[in-house]
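> Sharing a model prediction with you, sequence too.
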Amino acid sequence: MLSLFARLPWIHRALIAFFSAFMVIALLLPAPQELRQHESFYQVGKAYPLSINIDALIQQQSVPQLVFLRWEKHTIGSGDSMALLFQRAGLSSRLLYQLTSTNKEIERQLTRVRPGDAFQLGFDSDNQLVQIARQINPFETFLITKSEDGYVSSLDKKEVNYQYNYAEAMITSNFWNAAASAGLTPNQIMELAGIFGWDIDFSLDIRSGDTFKILYQEKVVEGEVVDRGKIIAATFTNQGDTFKAILDDKTGSYYDENGRAMKKAFLRSPLDFRRVSSNFNPSRRHPVTGKVRAHRGTDYAAPVGTPIWAAGDGIVQKSSYNQFNGNYVFIKHSNTYITKYLHLTKRTVKTGQRVKQGQTIGTLGGTGRVTGPHLHYEFLVNGVHRNPRTVKLPQSKSLAGKAKTTFIANAKLRLDKLERYGQLLATP
């Protein structure tokens, strides 16, 4: 057989060898079904995991290496400056100048500082300053970041969500303690008093048994309550009368359930609510002379130096001193209304000066014929003394037309929500 193969022409021998080798290789290959790729059957609309070789992707792509920073916290102290803070951090004044010269926003953030302001400084492995972070509020952080061309600024904002919260209380001793016990912050307490301050004199009119309910916003960042928002709706029952106030989102002002403005032309009380020495009494016996004399006003006892506010817009009719009134200020609000403020420690306005409601016109004191420091406040209507606590006050502009209709509908929804929250709280 071999001799026969050897006698064949060489081209024939080559072809036989080639086909023999091909047959051997074919016998050694896997079955055809083993060559097929793995088949998977997928349903429409169903999610399936995707297997990705992350290491291979990183090798294939040019991914910048992460920079790990070393952070230092520095705080502005009393009498401190950013230059001193940089000095403590081992940074040069030249770098501070470079930063403040970059843009107006960086200059403002690094020069307008107050005691307590905190800065986070981020350094790389070579101790080079890479980033400065200043937290503006719980959801905003101002960033200064090093780039190839110097430094750039940006504002990192976290998403802020809002939710409602509710508080209520019955007053037993005083309004402030009741509100604080209900969980309100000092700012919320003053805001609540400000909303109803045109209808209720919080220095004189509050009684044991008065109640209030409020619905307010809370700001939520990453699932955590970081701040209190505005009061959305509130009711206040004072000596049997119930007042309601609802926020109008468009104007940012408060109105009652019928769209009438809560804000009036005059404040009920021209100072923060504190203790009071005597109420309005037209038959009051004068504390110095002992004679029965009409006490045509209201006395407010408060710490010396307490700011006294203008009860309404107007022009200072008289700012002067005499032995009876001490330092005093008279304000003419129109041809109808005049308010008078007596026994001030000092006056901060001059005769003829125009003033705005809530503007400080002086400070409480004990000048003139008095037995102790207090503010004597008078309210005159067409030249006649009226009790400022009960006189009907002219209102500011109320809502009208479509704005009123929309507000009344929204007010009902918010008052209903206020009541529902109260019912839930009352449910054992």
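That came through, no problem.

> what pLDDT does the nearest residue to residue 118 once chain neighbours are set aside get?
Nearest residue to residue 118 in three dimensions, chain neighbours excluded: residue 75, at 4.8 Å (Cβ to Cβ, 6 or more residues apart in numbering). Where you see a C-beta, it was placed from the backbone N, CA and C, and this is true even at glycine. The score at residue 75 is 95. That number is its pLDDT.

> domain parsing for the protein?
Domain segmentation of the chain under automatic domain parsing yields 70-157, 159-263+395-428, 265-394.

> follow-up on the earlier one: any idea how far residue 81 is from the residue nearest to residue 118?
13 Å (Cβ to Cβ, to the nearest Å).

> So for the longest strand seen in the chain, what gets flagged as buried?
Longest strand of the chain, by residue count under DSSP state E: strand 224-238. For strand 224-238, the neighbour count (16 or more other Cβ atoms under 10 Å) marks 228, 229, 231, 232, 233, 234, 235, 236, 237, 238 as buried.

> Which two of these have the greatest separation?
Using Cβ to Cβ, the two most remote members of the buried residues of strand 224-238 are 229 and 238, lying 25.1 Å apart.

> Would you double-check that residue 245 falls in a helix?
No: counting by DSSP: H, G, I helix; E, B strand; the rest coil, one finds residue 245 to be strand, located in no helix.

> tell me the contacts of the residue nearest the centre of the chain?
Of all residues in the chain, the one closest to the mean position by Cα atoms, centre = their mean is residue 229, 5.7 Å from it. By Cβ atoms under 8 Å, 6 or more residues apart in numbering, the contact set of residue 229 is 162, 216, 217, 218, 219.

> just to revisit the earlier point, what strands line up against the longest strand of the chain, and which way round?
strand 211-221 (antiparallel), strand 241-247 (antiparallel) (DSSP bridges).

> need the buried residues of strand 224-238 in CSV with pLDDT, can you?
Formatted as CSV, these follow (pLDDT from 0 to 100):
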residue, pLDDT
228, 88
229, 87
231, 96
232, 96
233, 97
234, 97
235, 97
236, 97
237, 96
238, 94
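
> Export those to TSV and append columns for distance to residue 406.
As requested, the buried residues of strand 224-238 are exported to TSV (distance: Cβ to Cβ, whole Å):
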residue	distance to residue 406
228	26
229	21
231	20
232	16
233	16
234	20
235	21
236	24
237	27
238	29
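
> how far away is residue 232 from residue 246?
7 Å.

> residues shared between the contacts of the two?
With Cβ under 8 Å, 6+ apart, residue 232 and residue 246 have common neighbours residue 414.

> Look up the closest residue to residue 246, ignoring the ones flanking it.
residue 411 (4.2 Å).

> before we move on, back to that, so which of the strands paired with strand 224-238 is nearest residue 421?
strand 211-221 (6.2 Å).

> And the contacts of stretch 135-155?
98-99, 102-103, 105-106, 109, 118, 128-134, 156-160, 219, 221, 226-227.
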